[in-house]
Structures are given as structure tokens and as C-alpha cells.
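In: Following is a predicted model, sequence given first.
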Amino acid sequence: MTTHPDVLPHDLIPEALYPTLSTLCAVSIDVAGVIARGTLSGALAEQVGENTDGDNQKALDVMADEMFEAALRGGDVRWYGSEEQEDALLLSENGKYALAIDPLDGSSNIDVNVSIGTIFSIFDTKEGAEESFLRPAKEQIAGGYILYGPATCLVVTFGNGTQQYILDPVKGVFVLVEAAMQVPETSKEFAINASNYRHWTKPVRAYIDDCLEGMNGPRGKDFNMRWVGSLVAETHRILTRGGIFLYPGDSRPGYENGRLRMVYECAPIAFVIEQAGGMATNGEVPILDQQATTLHGRIPLVFGSTDKVQRVADHHTLTA
Ligand code: AHG
Ligand code: MN
Ligand code: MN
Ligand code: MN
């Protein structure tokens, strides 16, 4: 592992995890620098391949993956499971952790200068890769994301609340700005890719239909919709001002379990949301009680303000 200066404060980071978190943050500072230079860094949005999950692979997807892998090699991470690599890699024979990563989340936004991010999940490692990653999401010991937005921020949980750090680009260090984020309970915003309406199941349509009826409908208020196309940006908005995000399963072939991957997207996002007093389900039951059956396995994801997520679950019960 390339050693880095301490780029974040020690206070709320478990000491054993500090080298790995500091390495993730140091690499994210370099990734943020590449992103901030846009096409001056090269053709970051150029399609360079396709990953196991069938996603187009952009140049920045692969670059970010290589940067994180290289920096973590030989350190405290034994198994490295990435969206951009078919199989988990053995990075360190004596590593203590299994780290799953979405190196670059929101790739469709790279060429339009919209916020994108990195998502990570950490388990205590087991001997093999599969047993290390394919286990109940509640066994995570850390989860979070780096958001490359107008400000670069780290949001992370170790199971004792959700912390937010902001990168000071002049000093090159992350500064703690919030020790215990809380998902606001009230909000009038929902996030869903509404172009998939015709593919949704009845309970999801019923929930959205109620929102769309506004003031005169069953919800008795008007709603607003947001859809960024970067899970990290949606998560950060909901952690900051409340709301609900839905990527449900739908009738499109291959989308029975939606589009988001359990191990390196849904599980860590569910962890930070629940540690901030919100709720995260597959539409019906908690994500943290679920486990993936393959490294790139998908699961429907509904998260945000608890009462909204519960209402979606109630719609599933009503139409069961
Ligand atoms: P990734 O770029 O890592 O493959 O993730 C993209 C995901 C997620 O960030 C976002 O919420 C979702 O894809 C958007 O899906 P649609 O393009 O179907 O709206
Ligand atoms: Mn992708
Ligand atoms: Mn992603
Ligand atoms: Mn990705």
C-alpha cells in the first residue's frame, strides 16, 4: 500500500481502519483532481469496454479502479471486489479486510460535468472472496462514499452514526463537518427514473401515482421529483434534505432486481442511511438483512425518510 500523509482526522475513525480509510481518501483527492480538469485529463468519458454487469466501461471507470487497486495493494485489504473487475482480487495475503468498491458511480454523468462518486463497503475478511462478500449486509464494519461535486466530501459510517467530511482543496485534507448526520423526516421529494413507469410493478406505480396526485390526492400535498443518475448525488441530497429514492425491479429483461448492485452500491448506501436514522429496503424488507449471491448481483433499492420507505412497503403488502 502506498503510504499517504494522514488526509483525514483520526477522531471518529476506528484506529485499525485508519490506514485503509486514509488511503481511500488520498486516492479520492487524486480522482477529484482528474475530474476537475475534465477533458484536460483526457477522454474520460470514452467508452473503453464493457464490465461483467453489462455496463459500458468509461475510461474514468477503469482509471479510478486502477488507482484504488494500486494504492490498496500490499496493505490491510485482503480481498478487493470492484464493479469494474469480474472477480475479486487478492491484494494482500495478510490483509484483515474485504473491500468492495464502485470506483466511479454515475459514469453516464462524466462527460456532462455532473456530480459523480466512489462507493465503498468494508467487511472483516474471511479466507475466501465469496465468503467475505456474500454475507448479510449488516456484517459490514464500514461503508460510505466520496462525492465529487462542487465540493468533494466523504460520508462514512462505522456503525456509530454517519459522519461527513469536506475536502479542503488548498490544504489537501478532509475536515469533519458533521459528526452525526440525520435524514430529515419530512420532505416533498421523490427520486425515480420515471421513464420506466410502464415497466414498474403495481405497488411502485401506486406509490408514485399517489405522489403525482398531489394536494387533492391521498397524500394531501404536492411533490417534487429529482433524478440525477448518480446514486451518490441522490444519497447526499436525501441525507441533507430528506426524501425517498427508488430503483425498483421492473419488467425489462435483466432488470427483475433493478439496476443497482448489492455488494458495492446498495449495502453501503443502506448502511449510511440507516445509521442516519433513515430506512433502506428492497421495497419490502431491510437491505441490511439481505445478502448477495454473486459479487455483481443486483437488488431493488428504496431508501430515505423512514415514513416514505415504510409507505412503499405498505403498498407491497396491500397488493400482495
Ligand atoms: P454506475 O455508473 O456505477 O454504473 O452506477 C450508475 C447507477 C447509479 O449511480 C444511478 O442511480 C443509476 O445507475 C442510474 O440508472 P439509470 O441510468 O437507469 O437511470
Ligand atoms: Mn457502471
Ligand atoms: Mn454505481
Ligand atoms: Mn460505477
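Out: Done, it's in. Ligands and ions are numbered 1, 2, ... in the order given.
In: Check whether stretch 269-284 comes near ligand 4.
Out: No. For stretch 269-284, no contact with ligand 4 is found by Cβ under 5 Å from the ion; the gap never falls below 12.9 Å. For the C-beta atoms, the positions are set from N, CA and C on the backbone; glycine is no exception.
In: CA atoms only: put that stretch into PDB for me.
Out: This file holds the C-alpha atoms of stretch 269-284, laid out as PDB (Å, rounded to 0.1, in the frame of the first residue of the first chain):
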ATOM      1  CA  ILE A 269     -25.700   3.200   0.900                       C
ATOM      2  CA  ALA A 270     -28.200   1.300   3.200                       C
ATOM      3  CA  PHE A 271     -25.600   1.400   6.000                       C
ATOM      4  CA  VAL A 272     -25.000   5.200   5.900                       C
ATOM      5  CA  ILE A 273     -28.800   5.800   5.600                       C
ATOM      6  CA  GLU A 274     -29.800   3.600   8.400                       C
ATOM      7  CA  GLN A 275     -27.100   5.000  10.700                       C
ATOM      8  CA  ALA A 276     -28.500   8.400   9.900                       C
ATOM      9  CA  GLY A 277     -32.000   7.400  11.100                       C
ATOM     10  CA  GLY A 278     -33.400   6.600   7.700                       C
ATOM     11  CA  MET A 279     -34.600   3.300   6.200                       C
ATOM     12  CA  ALA A 280     -33.400   1.200   3.200                       C
ATOM     13  CA  THR A 281     -35.300  -1.800   1.800                       C
ATOM     14  CA  ASN A 282     -35.600  -3.800  -1.400                       C
ATOM     15  CA  GLY A 283     -39.100  -2.300  -1.500                       C
ATOM     16  CA  GLU A 284     -40.400  -4.600   1.300                       C
END
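In: how far is that stretch from where the chain is centred?
Out: Remark: stretch 269-284 is offset 11 Å from the chain centroid, using Cα atoms, centre = their mean, to the nearest Å.
In: residue contacts, residue 232?
Out: Contact analysis of residue 232 by Cβ atoms under 8 Å, 6 or more residues apart in numbering lists 105-106, 115-119, 145-147.
In: sorry, that was for residue 95
Out: 75-79, 125.
In: Please list the residues outside stretch 205-215 that contact it.
Out: Residues lying outside stretch 205-215 but in contact with it, judged by Cβ under 8 Å, 6+ apart, are 190, 192, 194, 197, 200, 217-219, 221-223, 246, 311-312, 315, 318-319.
In: That's all I had, so thanks and see you.
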